[in-house]
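Asker: Coordinates for the following, if possible.
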Amino acid sequence: MSEQAAINVQAARRAADAIAANGGKIVLSPGGRSGTLALAVMDADSACTPKMVLDERAAAFLGLGWARASASPVALLCTSGSAGAHYLPALIEAWHSRIPLVAITADRPPELQDRGAPQTTRQTFFADFVAERIDPGPPTDAAGWADAVNQAFAAARSASRPVQLNLPMREPLWQAESTAFIAATPRNEQEAAPKPAHLPPAFLAVERGLIHCGNDAGIAPELPALVQALGETLGWPVLTEAASGARAKAADGAADIVAASGQLPPPQAVLRFGRAPLHRSTRAWLAQAEHTLCVDPHGDLHHPEENPATLLEGDTAATARAHISEGKSGWRDEWQDALEGAFSATDRAADEGWWEGRIAKMTASAAHLAGAALQVANSMPIRDLDIFGACQTRVRSSRGINGIDGTVATATGAAIVHPTWVLIGDLALLHDASSLSLARQLGVSGLRVIVVDNGGGGIFHQLPFAGAEQQHFERTFITPQHVDIAGIARARGLEVAVVEDPTALDTALAGPAELIHVRVDREVSVQTRRTARASAVAAIGEAA
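Answerer: Model (predicted):
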């Protein structure tokens, strides 16, 4: 074996040892320049848990879902050239959602840069979407990259954000040899106890305050009860979104309708946990508050509105627990009466006809009975699930940057940790159709895809563009694809059920189908949503 090959092999083994010591979760894509490290990671003695995914884009989203569901860092490994650039969409989502990924990009050595060498470019793709870029250079001894790997994982954990580890290697990349793999040394890191934010007494003394829990407010099992107890303490209503991790009552799904109805005065103060509100109308209503206090565990501000805001660093559950004491009077009862009235109307609508709100409710109920989490695509599925789903199961949605890409791959990564169902629209499904076979390829069980096919981008009916000339509106925004979704899924080896009514969906949700293709009339859904909201607003008036 040449000296350089021996150094490369040993450096790769030490790097794999370091990856294993940092949890060992890694998603690889095939390639030459990354091959030496890939072989070390795949070695039976490496103590890593590798997943091989052909497409780097899908690999990165799989890692995103895996890291989020496991609440621990996941490494990605790809070859040199443009391969790493395919990680960018997932890294942007990970950056905004505070998910730790370690993007390991193999590279050509410095002497081959800017000389026309094949598969060689400046691998600075990720710009402002990595907390740190680490480039230790080509290995010169057996110790090689171990320190750099540990540094990268530490940085990802510390920032709760992606980190790039760029690893150049000189040829010859690898030769067969018999040196035994170095056993991984487990890390012994103790998690710091979550810290509460200390809320100003003057802020909490406001009579007409409101608690808002947005996407990713927390994952503590006791969070829903704690937030409700805090609301009772303050006499404030609690507005929780389905993907917040804090929803305790099905009726909370009607909160956006109550907010948008104009029949209750806006709050004077808002205490916000998690991300900014999902619904535009809720954001506009809460923006009328005189002041907003945002509590975030990482010190990130989630407040796009123009009214004044203060940011405090702290954990949601710890903050709620620290401020629960004897209750005071407030406008909570008034809010609750309006909420219950609105929910009765939306719940009736979700049990009638054949439309997207009913599909969301049926899917959420079936997922709960099956013990599965729900990964919900952006656009209309997360909005319908939030209002009409009445869900009791864990809901996740990639609201960091609100994109539709990578939803199936993200859910597959989550399914490595626990059973996960996906509620997704037809366009988002087609955007990530190549990921439909990932679960089967990786031996991941518990993934199920429910695709609501309304023939295009239904969310644009909610935006001003719906007033455009019909032909242009259809071609520019709705973009119907006329693709055989069931055929695509079957070609990838999935068991498929095609349904067009509630009875068939009920049967399919209880059956073995891995993909359920749900056909629905988009216009019927648009009109039923409007009718449901109008009925809910009328019910609020009756309750007032």
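Asker: I'd guessed residue 25 sits against residue 74; true?
Answerer: Yes - between residue 25 and residue 74 there is a contact under CB atoms under 8 Å: 4.5 Å. Placement of C-beta: from N, CA and C, glycine included.
Asker: got any residues that touch both of the two?
Answerer: Residues touching both residue 25 and residue 74 (CB atoms under 8 Å, 6 or more residues apart in numbering) are 63, 66-67.
Asker: mind giving me CSV with the residues you listed and columns for secondary structure?
Answerer: Output for the shared contacts of residue 25 and residue 74, formatted as CSV (DSSP: H, G, I helix; E, B strand; the rest coil):
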residue, secondary structure
63, helix
66, helix
67, helix
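Asker: okay, residue 25 and residue 74: which has more neighbours?
Answerer: More crowded of residue 25 and residue 74, by other CB atoms under 10 Å: residue 74, with 30 against 23.
Asker: Which pLDDT value belongs to the spatially closest residue to residue 72 that is not a sequence neighbour?
Answerer: Using CB to CB, 6 or more residues apart in numbering and skipping residues adjacent in sequence, the residue nearest residue 72 is residue 23, 5.3 Å away. If you check residue 23, the pLDDT there is 96.
Asker: Quick check: buried residues in stretch 207-225?
Answerer: 208-218, 220, 223-224 (16 or more other CB atoms under 10 Å).
Asker: biggest separation within the residues you listed, which pair?
Answerer: With CB to CB as the measure, no two of the buried residues of stretch 207-225 lie farther apart than 208 and 220, at 27.8 Å.
Asker: Contact partners for residue 348?
Answerer: residue 535.
Asker: Check which helix or strand it maps to.
Answerer: helix 332-350 (DSSP states H and E).
Asker: hang on, the earlier thing: now the shared contacts of residue 25 and residue 74: which count as buried?
Answerer: 63, 66-67.
Asker: Make TSV out of those and add distance to residue 507 and pLDDT.
Answerer: Shown next, in TSV, are those (distance: CB to CB, whole Å; pLDDT from 0 to 100):
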residue	distance to residue 507	pLDDT
63	35	98
66	32	98
67	35	98
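Asker: Residue 153 - nearest residue in space that isn't next to it in sequence?
Answerer: residue 22 (4.1 Å).
Asker: my guess is that neighbour meets residue 149, correct?
Answerer: Yes - proximity of residue 22 to residue 149 meets the contact threshold set by CB under 8 Å, at 7.2 Å.
Asker: Residue 8 looks like it's in a helix, true?
Answerer: Yes - Residue 8: assigned to a helix according to three-state DSSP.
Asker: For it, which non-adjacent residue is closest in space?
Answerer: residue 36 (5.1 Å).
Asker: any idea which helix or strand carries the one you found?
Answerer: helix 35-42.
Asker: How about residue 451?
Answerer: If you go by DSSP H and E, residue 451 is part of strand 447-453.
Asker: in its sheet, what does that strand sit against?
Answerer: According to DSSP bridges, strand 447-453 forms sheet pairs with strand 420-425 (parallel), strand 515-519 (parallel).
Asker: ranking those by burial, who's on top?
Answerer: strand 420-425 (a mean of 28; mean count of other CB atoms under 10 Å).
Asker: any idea which helix or strand comes after that one?
Answerer: Using DSSP H and E, the helix or strand that follows strand 420-425 towards the C-terminus is helix 426-431.
Asker: middle-most residue in this structure, spatially?
Answerer: The centroid of the chain falls nearest to residue 398 when counting by CA atoms, centre = their mean (3.0 Å).
Asker: and the closest residue to residue 7 other than its chain neighbours, what element?
Answerer: Nearest residue to residue 7, sequence neighbours excluded (CB to CB, 6+ apart): residue 139, at 5.4 Å. For residue 139, there is no host helix or strand (DSSP H and E).
Asker: got the contact list for residue 139?
Answerer: So, once contact is read as CB under 8 Å, 6+ apart, residue 139 ends up touching 7-8, 11, 145, 169.
Asker: how about the residues you listed in CSV, adding pLDDT, neighbour count and distance to residue 122?
Answerer: Converted to CSV, the contacts of residue 139 look like this (pLDDT from 0 to 100; neighbours: other CB atoms under 10 Å; distance: CB to CB, whole Å):
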residue, pLDDT, neighbour count, distance to residue 122
7, 90, 20, 25
8, 91, 27, 22
11, 93, 25, 23
145, 91, 26, 20
169, 92, 27, 17
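Asker: shouldn't the residue nearest to residue 8 be in contact with residue 167?
Answerer: No - using CB under 8 Å, residue 36 makes no contact with residue 167, being 9.5 Å away.
Asker: of the two, who's got more company?
Answerer: More crowded of residue 36 and residue 167, by other CB under 10 Å: residue 167, with 29 against 25.
Asker: List the buried residues for stretch 275-288?
Answerer: Result for stretch 275-288 [16+ other CB under 10 Å]: buried residues 275-279, 282-283, 285-287.
Asker: Not counting it itself, show me its contacts.
Answerer: Contacts of stretch 275-288 (CB under 8 Å, 6+ apart): 210, 212, 214-217, 239, 241, 243, 255-256, 259-260, 266-267, 270, 292, 302-307, 382-383, 386, 399.
Asker: For ChimeraX, what selects the buried ones among those residues?
Answerer: In ChimeraX, this line selects whichever of the contacts of stretch 275-288 come out buried by 16+ other CB under 10 Å:
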select :210,212,214,215,216,217,239,241,243,255,256,259,260,266,267,270,292,302,303,305,382,383,386,399
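Asker: And residue 301, how close does it get to residue 239?
Answerer: From residue 301 across to residue 239, the span is 19 Å (CB to CB, to the nearest Å).
Asker: Which parts of the stretch 151-300 of the chain are helices?
Answerer: Applying DSSP state H, counting those that start in this stretch to the stretch 151-300 of the chain gives helices spanning 201-204, 223-234, 255-261, 280-286.
Asker: same thing with the stretch 301-450 of the chain?
Answerer: 316-322, 332-350, 356-370, 380-388, 407-415, 426-431, 438-442.
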